[in-house]
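Student: Structure here, sequence nowhere to be found:
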């Protein structure tokens, strides 16, 4: 299926595609910090409920009759399921048993899923250039996570959370392709032209999916734990976390990711997601008071090399 995208990486496009992995790295760290404070599916629901309220004053028109939202509800239901209801729930579930570093390592396979979905479902061939780009980017991730000693990768222990994150990356790749595929209809095109309306329509449907999973989560949770505590610990830490994940990884990252995918397509954009573990390592180093090392620069060079190779015509 032919797709029309400009493959040239301009400075503004690079900036658009750099912001999401930075926000996602912060999201992984915050998600891990919230383990034991709020259940994962509930965290996802609260995150998107707050994002919905923040976005509503700017794009409420999309929910009114005649906007095209109801006519295209199946399309938004699919986007909401993949991008809002599933991906982040699976990520927060992964962070209950895995670390941000392990989660971002597993997420580094996103470009591979992008290539495979494009090939299998849409007939987009995998070129040698794309394969080389994937190899360079994954090599950069490996250098960062192994601290420059690749033999340490053999010591990485996988836990159930890593499997949840593997499923999440597959979901995200499918979501990105849905963003890139051309869709007929003037009303849908009008909604997609307004990023706030387009995202609000996805959140509106995604909250339905997220609400269902959250309801199931609470049916399985005990009213109080062994210590007599509620599953949610209300307080300023949770409030601050919700504000960050609702604005940064939700509104800002989704806006930039959607615009970036529209410019260069999901395959090239997928390589930028490999910057997430690098940013996660840097954020962890900052929180621990550790300075960046040479292997950070080496990994960054390899990841950027993969991005540059992927953008060459």
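Tutor: It's in. Everything numeric here is computed off the predicted structure, so don't read it as measured data. Numbering: from 1, shown residues only.
Student: What's the separation between residue 64 and residue 78?
Tutor: Using Cβ to Cβ, to the nearest Å, one gets 22 Å for the distance from residue 64 to residue 78. In this view, the C-beta of every residue, glycine as well, is placed from N, C-alpha and C.
Student: Just want to know which of those two has more residues nearby.
Tutor: Neighbour totals were compared for residue 64 and residue 78, and residue 78 leads with 15 against 9 (other Cβ atoms under 10 Å).
Student: Can you tell me the element the more buried one falls in?
Tutor: Counting by DSSP states H and E, the secondary-structure element that holds residue 78 is helix 73-79.
Student: Quick check: buried residues in that helix?
Tutor: Judged by neighbour count (16 or more other Cβ atoms under 10 Å), helix 73-79 contains these buried residues: 75, 76, 77, 79.
Student: can you check stretch 120-133 too?
Tutor: Within stretch 120-133, the residues that qualify as buried are 124, 130, 133, counting by 16+ other Cβ under 10 Å.
Student: now swap in stretch 300-309 and tell me
Tutor: When burial is assessed from 16+ other Cβ under 10 Å, stretch 300-309 yields the following buried residues: 300, 302, 303, 304, 305, 306, 307, 309.
Student: What is the nearest of the residues you listed to residue 205?
Tutor: Of all these, residue 205 sits closest to residue 307, with 31.9 Å by Cβ to Cβ.
Student: Quick one: neighbours of residue 206, just the number.
Tutor: Around residue 206 there are 29 other residues, counting by other Cβ under 10 Å.
Student: Excluding chain neighbours, what is closest to it?
Tutor: For residue 206, ignoring the flanking residues on the chain, the nearest one in space by Cβ to Cβ, 6 or more residues apart in numbering is residue 84 at 2.4 Å.
Student: Quick one, grab the pLDDT at the one you found.
Tutor: As summarised for this prediction, residue 84 has a pLDDT of 91.
Student: Settle this for me: it is touching residue 203, isn't it.
Tutor: Yes. Counting by Cβ atoms under 8 Å, a contact exists between residue 84 and residue 203, whose distance comes to 5.7 Å.
Student: So for these two, which residue has more residues nearby?
Tutor: Set residue 84 next to residue 203 and count neighbours by other Cβ under 10 Å: residue 84 wins out with 30 against 27.
Student: mind listing what the more buried one touches?
Tutor: Residue 84 makes contacts with 48, 202, 203, 205, 206, 207, 209, 210, as judged by Cβ atoms under 8 Å, 6 or more residues apart in numbering.
Student: which of those lies closest to residue 258?
Tutor: Distance to residue 258 across these (Cβ to Cβ) is lowest for residue 202, with 9.4 Å.
Student: Tell me the spacing between that closest one and residue 54.
Tutor: Summarising the geometry, the distance separating residue 202 from residue 54, computed by Cβ to Cβ, is 14 Å.
Student: related to what we said a few turns ago, check which helices and strands the helix holding residue 78 sits against.
Tutor: Contacting helix 73-79 under the criterion 3 or more Cβ pairs under 8 Å, 6 or more residues apart in numbering; DSSP states H and E are the following elements: helix 160-180, helix 195-220.
Student: quick one: contacts of that helix?
Tutor: For helix 73-79, the external contacting residues (Cβ under 8 Å, 6+ apart) are 69, 175, 178, 179, 183, 188, 201, 202, 204, 205, 206, 208.
Student: Mark which of those residues are buried, thanks.
Tutor: With neighbours counted using 16+ other Cβ under 10 Å, these contain these buried positions: 69, 175, 178, 179, 188, 201, 202, 204, 205, 206.
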